[in-house]
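Undergrad: give me a model of this one.
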Amino acid sequence: MQPLAEWRADRLAALAAADGWLNLTDRVEIAPGNRYAVGRGEGNGLRISAGPDHLGILTLAADGHAHLTTPAGQDLPFTPMPGAPPRLAVDNLILEIHSAEGVPALRVRRIDHPRRFRDPGIRNFPDAPDWVIRARWLPLSAPQEAQIDLVGGRREVVRLTHQAVFQHEGQTFTLIPTHWKSGAPMFVLRDLTSAGETYPAARFLIGEDMAEDAITLDFNKAHTPPCGFTEFAVCPLPPRENILPFRIEAGELRPH
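TA: A predicted model of the protein is given here:
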């Protein structure tokens, strides 16, 4: 299990990276099978708030493949990325074709955005060893499909396969992982600190040290989702099982 101080350092580095969450400038929905003139200028059908007045012509094929034709006539393809949307670095931007519930959008990151180089305002509860819990890791009787609400009103369908079962003050509680990150289960959860101290919509927690029948839930690593840093992210909300009726005074507080 990664030491907490090291985890926090990696978390800050990932937020401030060129493909992190602090430099997003736009997310504009687009339709497959169409071509769009892209840029900051008024003459573009798809206007963005960073980069040159005319960046080029974006083509999104019906099969989801995309490329940008520059004003000089060069065709630049978006490259598939493991665990991330197809991506293209051009000018001082990173462009992505990001889909939420099957609806694609052009997502834009400005590489030299000043916010990357400022303190993101992350604060934490005091370290709480008692909130490092070894939970039972149990498969569901059969995999299930479930609809999960997203910030902004959409829903997505996810596949549920396991549950983490743990004890708190003599009672049994269950958390359901709705997503997986780099092969590890991700829990979207909310507790009573969400009323003001932590990000109201949810916090994310990645399970660690997963064995056949056990998993570690280190709530000191419960963290603010991307939507806590930018309006251009699309974040899941917690399923009913993951709304906990007690305070978890561990992990990240709401960012400044």
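
Undergrad: now do the worst-scoring helix or strand of the chain on mean pLDDT: distance to the chain's middle.
TA: Using mean pLDDT, DSSP states H and E, the weakest-scoring helix or strand in the chain turns out to be strand 79-81, at a mean of 91. Centroid displacement of strand 79-81 relative to its chain, using Cα atoms, centre = their mean, to the nearest Å, is 17 Å.

Undergrad: ok, and for the next helix or strand after that strand, which residues are buried?
TA: Downstream of strand 79-81, the next assigned helix or strand under DSSP states H and E is strand 84-90. Across strand 84-90, burial judged by 16 or more other Cβ atoms under 10 Å covers 85-88. Where C-beta positions appear, they are placed from N, C-alpha and C, glycine not excepted.

Undergrad: same for strand 84-90, what does it pack against?
TA: In terms of contacts (3 or more Cβ pairs under 8 Å, 6 or more residues apart in numbering; DSSP states H and E), strand 84-90 is packed against strand 66-69, strand 75-77, strand 79-81, strand 93-100.

Undergrad: average pLDDT across it?
TA: Averaged across strand 84-90, pLDDT comes to 94.

Undergrad: partner strands of that strand, parallel or antiparallel?
TA: With DSSP bridges as the test, strand 84-90 is paired with strand 79-81 (antiparallel), strand 93-100 (antiparallel).

Undergrad: how about Ala14: what's its closest non-neighbour residue?
TA: Spatial nearest neighbour of Ala14, chain neighbours left out: Gly20 (5.6 Å); criterion: Cβ to Cβ, 6 or more residues apart in numbering.

Undergrad: so the one you found touches Arg116, yeah?
TA: Yes - assessed by Cβ atoms under 8 Å, Gly20 is found in contact with Arg116 at 7.1 Å.

Undergrad: which residues sit in contact with Ile243?
TA: 189-191 (Cβ atoms under 8 Å, 6 or more residues apart in numbering).

Undergrad: which of the strands paired with strand 84-90 sits closest to Val38?
TA: Closest to Val38 of the strands paired with strand 84-90, according to Cβ to Cβ: strand 93-100, at 8.3 Å.

Undergrad: and the helix or strand encompassing Ala105, what does it pack onto?
TA: According to DSSP H and E, Ala105 maps onto strand 103-110. Using 3+ Cβ pairs under 8 Å, 6+ apart, the elements in contact with strand 103-110 are strand 24-29, strand 93-100.
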